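> quick one, structure for this:
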Amino acid sequence: MSEQSTVSVERSTPKIATITFSNPAANVIVPETVKRLHELVVELSNDDQVQVVIFTSSTSGFYFNHFDLRQADKFPFTPGPGSVPAWVDLVIRLSKAPFVSIAKIRGRTRGGGNELALACDLRYASREHASFGQPEVGTGIVPGGGGSERLPRLIGRDRALEAILTSQDYDAELAERYGWVTRTLPDVELDRFVDQLAARLASFDKAVMTAAKAQINRASLPPDADFATAYGEYTKSLTQPGFQTSFARLGKHFAAKGLDVELRLGEYLGIVDEPR
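This next block holds a predicted model:
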């Protein structure tokens, strides 16, 4: 792994791996993040010992954030014949992987970051320090990595429309009430809870857990083709006038307010006046 990678992996036991994302200051997802995450999910899927993979962050205030749209044209594709966007392959593989994936969420979780969390099997969030959002419409584009496919199945059509069309941030309490996350916990209890759950899952028979997950997947996952369609619609929306206008306006807010825009992105996306 490159020393400059935004992603690291640690094996606490042969059966449990933790993938940590770190791209300060706002943990935006860059092309290298996608490439490395894809490599790790493939690698860990092929490891017969791995039963649980935890996804977490080491950047204060942020979990996995949105894509860095300044680099939108650089996000990778899978190699070889039948090449597809690596992000599409990643989120499909993750939901079907022969291990249990757990999102341990502290901080802001938006766009692609939220889509990664949705692709995980289980999502546990800090009650005080987690928030969620799909901000694409507010920036003049559409979701492209599973948000539009997974959210309606989790929280219902109307709530998914509300979340995606308004581009607002949702606190952990509301996300739990909607069914966006598996559950929330007091921040001081989050690490211990996830560690104990991971140890419990790792103690069970892997073949049986994988078979049970496959049963639930048959009843709950969106068709694979829908993810590729959505990614194509997302890339097309990047060329539309709405994105150019919205992204320029957001850039002015960043120039005036800096990191505060990422801290309160849902609010800033609703401000159409010139920044002061």
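
> residue 243 touches residue 235, doesn't it?
No - Residue 243 sits out of contact with residue 235 when judged by Cβ atoms under 8 Å, with a separation of 10.8 Å. C-beta here means a position set from N, CA and C on the backbone, and glycine is covered the same way.

> next SSE after the strand or helix carrying residue 160?
Element membership of residue 160 [criterion: DSSP states H and E] is helix 157-166. Per DSSP H and E, the first helix or strand lying C-terminal to helix 157-166 is strand 170-171.

> contact partners of the helix or strand just after that following strand?
Note on strand 170-171: by DSSP H and E, the next helix or strand toward the C-terminus is helix 172-178. Residues external to helix 172-178 that are found in contact with it (Cβ atoms under 8 Å, 6 or more residues apart in numbering): 105, 125-132, 154-156, 159, 170, 181, 183-184.

> next step: those restricted to strands.
Among the contacts of helix 172-178, the subset assigned to strands under DSSP state E consists of 105, 125, 126, 127, 128, 129, 130, 131, 132, 170, 183, 184.

> hmm, residue 69 is touching residue 139, no?
Yes - Residue 69 lies in contact with residue 139 (Cβ under 8 Å); the separation is 7.2 Å.

> ok, the two, which is more surrounded?
Taking residue 69 and residue 139 together and counting by other Cβ atoms under 10 Å, residue 139 has the greater number of neighbours (22 against 18).

> what about the residue lying closest to that one once chain neighbours are set aside, neighbour count?
Spatial nearest neighbour of residue 139, chain neighbours left out: residue 246 (4.9 Å); criterion: Cβ to Cβ, 6 or more residues apart in numbering. The criterion is other Cβ under 10 Å. On that basis, residue 246 has 20 neighbouring residues.

> can I assume residue 246 sits in a helix?
Yes - residue state for residue 246 (DSSP: H, G, I helix; E, B strand; the rest coil) corresponds to a helix.
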